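Undergrad: Could you work out the structure for the sequence below:
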Amino acid sequence: MSAPIPLADAQHRNMASLPEAEESIIQMTKKYNILILGASYGSLLASKLLMAGHDVSLVCRTKTAELINREGTRVRMPVKGREGLVEIDSRKLPGELKAITPKETRPEQYDLVCLAMQEPQYSASGVRELMHAIAKAKVPCMSIMNMPPLPYLARIPGLTASELRACYHDASVWDGFEPGLMTLCSPDPQAFRPPEEAPNVLQVGLPTNFKVARFDNPAHTAMLEQMEADIAAAQLTVNGEALDLPVKLKVHDSIFVPLAKWAMLLAGNYRCVLADGMRPIKEAVHGDIEQSRQVYEWVTGLCVLLGAAPEDMVPFEKYAAAGQGLLKPSSAARALAAGATDIERIDLVVKLVAAQQGLHSDSVDETVKIVSGRLERNRKAAAEASKKEEEELATVN
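TA: Numbering: from 1, shown residues only. You can find the predicted model right below:
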């Protein structure tokens, strides 16, 4: 049930020389109890909250929960001016971490729920029921998915969220949520689970910040602002040295700031997907830099038309520079190449949102066509494999 990790283009490093983290130095006011669905990418946000002294529960599969409760989590990240990686061991942090299964979760016990899985996973058995319980408990929710939850899109003036249901694996999962209780946090930090490591290890490749939009309720926004301040103040002592670690939480008044990721995804990540293969993000962006710029600026213009201020968006030059280091295909492209039958469809969201505004882009339309074609092919192959397996079982029996 853990979310597939956003692809980070970083080389694996020798972990034998990792410095030992001793403790976290914090100055906080109120301790919050936070529930995070997804123990993979979610462990990054969890570690920052634990460093700040807050308590976190990670929702995950039974075996992963047992591992985390026994050994904690490890999040490794580069720190400017230091060689190698610094490791954050959850067991040495002031906040309390526990891992639980969906059935064990009681949403009403938490101050904030964070959604850190891929969008198709929320309709899985057990998770679907938990989502219903979260909506019923009316706990404020912060999504750190690339895919914006439907209730969040309903907060955007002039946007008809009901016309976007086809973009979701199962839109009914979101039906019980109040838009005012949902916010979106752009998952800009990139991280991956090293394949040779256990499921409780996460490595950060691009240590940028989480950018979250305000809630409708000022009291809920104030909670985020306190977490922002607590995370900013927390330090990790490593070999006697107090370190200010990267990856902060930044609260923004504009509800459009998290949508800045759309232009990056459409210019890079989804254009990694080819009709018969995939390519690295760097090649998708820099293979035809002018087309990439055109797509990027078109999506940015769409967000501005919806109500974003130009300063809410990230300049293309900054994204293109970062793209030089993205040497692997995006996670969406890798998933499709591996036979995935469902992925997050931000490409389709952008296409349909634009259509509501009377706009279209030939390049975006082509991307949507390619991704849809790959999904259709994968679903057909999966159906044929399932039918063949059933026939073989029938023959044996």
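
Undergrad: Report the rounded mean pLDDT for the host helix or strand of L50.
TA: Element membership of L50, judged by DSSP states H and E, is helix 42-51. Throughout helix 42-51, pLDDT has a mean value of 98.

Undergrad: Mind giving me the packing neighbours of the following helix or strand past that helix?
TA: On the C-terminal side of helix 42-51, the closest following helix or strand by DSSP H and E is strand 55-59. Under the contact definition 3 or more CB pairs under 8 Å, 6 or more residues apart in numbering; DSSP states H and E, strand 55-59 sits against strand 33-37, helix 42-51, strand 97-100. The C-beta positions use only the backbone N, C-alpha and C, and glycine is treated the same way.

Undergrad: With respect to G176, which of these lies nearest?
TA: Judged by CB to CB, the one of the helices and strands packed on strand 55-59 that comes nearest to G176 is strand 33-37, at 15.3 Å.

Undergrad: Where do the strands of the stretch 201-350 of the chain begin and end?
TA: Assigned by DSSP state E, counting those that start in this stretch, the strands in the stretch 201-350 of the chain fall at 201-206, 210-213, 235-238, 241-243, 249-252, 273-274, 277-278.

Undergrad: Tell me which of those lies nearest to V79.
TA: So among the strands of the stretch 201-350 of the chain, strand 241-243 is nearest, using CB to CB, at 6.1 Å.

Undergrad: Of all the helices and strands packed on strand 55-59, which one is nearest V127?
TA: That would be strand 33-37 among the helices and strands packed on strand 55-59, by CB to CB, at 7.2 Å.

Undergrad: Tell me the buried residues in that closest one?
TA: Residues of strand 33-37 classed as buried under the neighbour-count rule (16 or more other CB atoms under 10 Å) are 34-37.

Undergrad: Could you do stretch 153-169 as well?
TA: Using 16+ other CB under 10 Å as the test for burial, stretch 153-169 gives 153-156, 159, 161, 164, 167-169.

Undergrad: Quick check: strands, which of the residues you listed are part of them?
TA: Among the buried residues of stretch 153-169, none falls in strands (DSSP state E).

Undergrad: So which of those residues is the closest to Q357?
TA: Top of the list for closeness to Q357, among the buried residues of stretch 153-169 and by CB to CB, is L159 at 8.9 Å.

Undergrad: Correct me if wrong: that closest one contacts Q356.
TA: Yes. Judged on CB atoms under 8 Å, L159 makes contact with Q356 at a distance of 6.7 Å.

Undergrad: Let me have the helices and strands packed on strand 55-59 in a markdown table, extended by distance to D230.
TA: Output for the helices and strands packed on strand 55-59, formatted as a markdown table (distance: least, CB to CB, whole Å):
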| stretch | distance to D230 |
| --- | --- |
| strand 33-37 | 12 |
| helix 42-51 | 8 |
| strand 97-100 | 16 |
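
Undergrad: Would you tell me which one of these is buried the most?
TA: helix 42-51 (a mean of 28; mean count of other CB atoms under 10 Å).

Undergrad: For it, what is the distance to the chain centroid?
TA: 13 Å (CA atoms, centre = their mean, to the nearest Å).

Undergrad: can you list contacts of it?
TA: Residues outside helix 42-51 that contact it (CB atoms under 8 Å, 6 or more residues apart in numbering) are 2-3, 24, 26, 32, 34, 36, 56, 58, 73, 75, 88, 90, 93-97, 114, 116-117, 144, 189, 191, 200, 202, 204, 210, 227, 231, 234, 236, 245, 247-249.

Undergrad: before we move on, the earlier item: pick the most buried one from the strands of the stretch 201-350 of the chain.
TA: strand 210-213 (a mean of 24).

Undergrad: What strands line up against that one, and which way round?
TA: Its sheet considered, strand 210-213 pairs with strand 182-186 (antiparallel), strand 249-252 (parallel) by DSSP bridges.

Undergrad: correct me, but G277 touches A337?
TA: Yes. At 7.1 Å, G277 counts as touching A337 under the criterion of CB under 8 Å.

Undergrad: how about the helices and strands packed on strand 55-59, which one is nearest R379?
TA: strand 33-37 (25.5 Å).
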